[in-house]
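Participant: predicted model, plus sequence, below.
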Amino acid sequence: MNRNLATLCQWASEEIDALIATLPADVMAAAERVALSLEQMSDQADPTDEGLVGDELGLFEGSDASCDDDPSDLPRIRLFLDNLWDWVDCDERGFRDEVVITYLHELGHYLGWDEDDLADRGLE
């Protein structure tokens, strides 16, 4: 079943809002400093996005929390909704769960966690 972008955005927003409300205060504060972009992105990466191959579920961009904020390098988490939807074989519950996992994975990058740290936390 194919879903439209508005529905996927609504589901993703609901899950992320619910998640953020349950985070420890310090992690919640960090999450509030990171912009969130919910994007359609399908099989092919936008040619202006260097380094993306097109099948990414999410991406963290910008400086991590240990860096002084540089206005030109503000932190942002991008979630690619079509890719997430495809990843879970078009299953609503799976989509909602994967949005949370992917968001936490990318937030972990903002917090300075490397891939091993993320894997240790089950966010690979």
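Facilitator: On my side now, so go ahead.

Participant: host element of Tyr103?
Facilitator: Here Tyr103, judged by DSSP states H and E, is contained in helix 92-110.

Participant: may I have that helix as CSV, with CA atoms only?
Facilitator: The C-alpha coordinates for helix 92-110 follow below in CSV (Å, rounded to 0.1, in the frame of the first residue of the first chain):
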residue,chain,number,x,y,z
GLU,A,92,2.3,1.7,9.5
ARG,A,93,3.5,0.2,12.8
GLY,A,94,6.9,-0.6,11.4
PHE,A,95,7.2,2.9,9.9
ARG,A,96,6.4,4.5,13.2
ASP,A,97,8.9,2.3,15.0
GLU,A,98,11.6,2.9,12.4
VAL,A,99,11.1,6.7,12.5
VAL,A,100,11.8,6.6,16.3
ILE,A,101,14.9,4.4,15.8
THR,A,102,16.2,6.5,12.9
TYR,A,103,15.6,9.8,14.7
LEU,A,104,17.4,8.5,17.9
HIS,A,105,20.3,7.3,15.7
GLU,A,106,20.7,10.7,14.1
LEU,A,107,20.2,12.5,17.4
GLY,A,108,23.0,10.3,18.8
HIS,A,109,25.3,11.7,16.1
TYR,A,110,24.4,15.2,17.4
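
Participant: now the helices for the chain?
Facilitator: 5-22, 25-32, 81-87, 92-110, 115-120 (DSSP state H).

Participant: got CSV for those, with distance to Phe60 and mean neighbour count too?
Facilitator: Every residue, glycine included, has its C-beta placed from N, CA and C. Shown next, in CSV, are those (distance: least, C-beta to C-beta, whole Å; neighbours: other C-beta atoms under 10 Å):
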stretch, distance to Phe60, mean neighbour count
helix 5-22, 14, 14
helix 25-32, 12, 13
helix 81-87, 15, 20
helix 92-110, 4, 20
helix 115-120, 11, 12
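
Participant: how about those in TSV, adding distance to Glu61 and mean pLDDT?
Facilitator: Output for those, formatted as TSV (distance: least, C-beta to C-beta, whole Å; pLDDT from 0 to 100):
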stretch	distance to Glu61	mean pLDDT
helix 5-22	17	96
helix 25-32	15	90
helix 81-87	16	95
helix 92-110	9	95
helix 115-120	16	77
